[in-house]
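# sharing a model prediction with you, sequence too.
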Amino acid sequence: MPDTTQPRFSTASVPVLAQARRAAPWMAGWLLLMLVVAVAGRQATRELDVFQIMLMRSVMGMVLLAPLVRLSGGLATLRTRQLPRHVGRNIVHYAAQYGWFLALTLIPLGQVVAIEFTMPIWTALLAALFLGERLHRWKVAAVLLGAVGVAMIARPGGGGGLGAGQAIALAAALGFAVSIILVKSMARTEQAVTIMFWMLVVQSVLGLWPALAVWRWPSAAAWGWVVLVAVAATYAHYCMASAMRHADATVVVPMDFMRVPLTALAGWLFYAERFDLLMVLGTGLILVGNLLNLWRAPRA
């Protein structure tokens, strides 16, 4: 159903480079915080079930969101006319997030995030189909170069096809793409803090029963890792929602390609995971794709 509400912010008349400049600081925050989530999430899953981690993260997130709610205008900011969209979006996002955390326990960090980056292919197509965003040749080239770079990093066929971890990460990527498109649609009329609040509420409700079924009291170390996940994930999603208010999805998502080499580097530093020539070459292609998208896009 078309959204007939007057948008609070539109990117339709904003040049691509101006969109990129506005979105870039928010995306830098997103990249750093998601790197923390990946490392802290893997550490937490060594002791706690994924369902428990996700519930604790959502409940803590509501407390962490309070200052942003106050800065954004108070409780009135949390009112929404799009509750069904929030619920639908967060059912998809919850499933994708569960798959992402589960994949962290099965395959290397860099590979989880690399496979996740099949997401921009789905996002670009969905944005063109449902949001009316232009899919010009430079955006197509950026997505294709990024996809090739990701394939070189992940090498999904190198071990005889996709294993369970790779398949779960791929399914999570598709879910995240749907979630991003729904966020972009809602961001036309909803503030970032509103989107965040309803994400935490809906996912807390969804995760309550499965988390209680596997609950165990965390050790002090596990508490520390879960708190890190909660803080980083809460403000990371605020950064992403804010970036989406300043730029088209096909501008924002290629910036997120940088998370692939950054996470691979973290895996190498903290877990001695593989970092070879193909990783370097794949990273180079990802960077070239970003440059094409941001500097060779039409100025209108």
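Looks like it came in fine.
# what about Met54, which SS state?
Classification of Met54 using DSSP: H, G, I helix; E, B strand; the rest coil returns helix.
# in this structure it contacts Leu208, no?
No. The pair Met54 / Leu208 is not scored as a contact, 10.4 Å apart, by Cβ atoms under 8 Å. No exception for glycine: its C-beta is placed from N, CA and C like everyone else's.
# the more surrounded of the two?
Met54 (25 against 14; other Cβ atoms under 10 Å).
# ok, now which ones touch that one?
Counting by Cβ atoms under 8 Å, 6 or more residues apart in numbering, Met54 touches Tyr94, Gln97, Tyr98, Phe101, Gln203, Gly207, Ala211.
# distance check, it against Val205.
Remark: distance between Met54 and Val205 (Cβ to Cβ, to the nearest Å) = 12 Å.
# per-residue confidence for the nearest residue to Arg216 once chain neighbours are set aside?
Nearest-residue entry for Arg216: Leu48, 6.9 Å, with adjacent residues in sequence omitted and distances by Cβ to Cβ, 6 or more residues apart in numbering. Looking at Leu48, its pLDDT stands at 95.
# distance of Leu48 from Val231?
Note on Leu48: its distance to Val231, by Cβ to Cβ, is 17 Å.
# same check on Asp276?
33 Å.
# more crowded one of these two?
Using other Cβ under 10 Å as the criterion, Asp276 and Val231 rank with Val231 on top: 18 against 12.
# ok, that one touching Leu64?
Yes. With contact defined as Cβ under 8 Å, Val231 counts as touching Leu64 (6.1 Å).
# for the protein, longest helix please?
helix 16-45 (DSSP state H).
# pull the distance from that one to the chain's centre.
Averaging C-alpha positions (Cα atoms, centre = their mean, to the nearest Å) puts helix 16-45 8 Å from its chain's average.
# begin at 32, not 1, for the rest of this chat.
Okay, residue one is now 32; in that scheme the one you just asked about reads as helix 47-76.
# quick check: buried residues in that helix?
47, 50-51, 53-55, 57-58, 60-62, 64-76 (16 or more other Cβ atoms under 10 Å).
# what's the answer for stretch 231-238, then?
Leu231, Val232, Val233, Gln234, Ser235, Leu237, Gly238.
# which of the residues you listed lies closest to Gly119?
Nearest to Gly119 among the buried residues of stretch 231-238 is Val233, at 9.3 Å by Cβ to Cβ.
# state the distance from that closest one to Tyr125.
Taken as Cβ to Cβ, the span from Val233 to Tyr125 is 8 Å.
# tell me which element Ala202 falls in.
If you go by DSSP states H and E, Ala202 is part of helix 195-217.
# so what secondary structure elements neighbour the helix or strand just after that helix?
For helix 195-217, the succeeding helix or strand toward the C-terminus, using DSSP H and E, is helix 223-244. When contacts are defined as 3 or more Cβ pairs under 8 Å, 6 or more residues apart in numbering; DSSP states H and E, helix 223-244 sits against helix 81-102, helix 114-135, helix 251-277.
# how about a cut-off of 10 Å?
helix 81-102, helix 114-135, helix 195-217, helix 251-277 (3 or more Cβ pairs under 10 Å, 6 or more residues apart in numbering; DSSP states H and E).
# and Leu312, which of these is closest to it?
Of those, the one closest to Leu312 (Cβ to Cβ) turns out to be helix 195-217, at 20.2 Å.
# would you mark the buried spots in the closest one?
Buried-residue list, helix 195-217, by 16+ other Cβ under 10 Å: 196-217.
# who are the contact partners of the residue positioned nearest the centre of the chain?
Closest residue to the average C-alpha location of the chain: Phe207 at 6.6 Å, with Cα atoms, centre = their mean. Phe207 makes contacts with 123-124, 127-128, 130-131, 147-151, 153-154, as judged by Cβ atoms under 10 Å, 6 or more residues apart in numbering.
# quick one: low-confidence parts of the stretch 182-331 of the chain?
Across the stretch 182-331 of the chain, the ranges flagged by pLDDT under 70 are 185-193, 280-281, 306, 321-322, 324-331.
# how close does Met286 get to Arg77?
31 Å.
# neighbour count winner among the two?
The neighbour count for Met286 versus Arg77, taken as other Cβ under 10 Å, is higher for Met286 (21 against 10).
# and the more buried one, how far from Gln83?
Taking Cβ to Cβ, one finds Met286 at 32 Å from Gln83.
# ok, Ile184 next?
Counting by Cβ to Cβ, the gap from Ile184 to Gln83 is 31 Å.
# of those two, who's got more company?
Shown here are Ile184 and Gln83; by other Cβ under 10 Å, Ile184 has more neighbours (29 against 23).
# contacting residues for the more buried one?
For Ile184, the contact set (Cβ under 10 Å, 6+ apart) comprises 141-142, 144-146, 148, 291-292, 294-295, 305-307, 309-314, 316-317.
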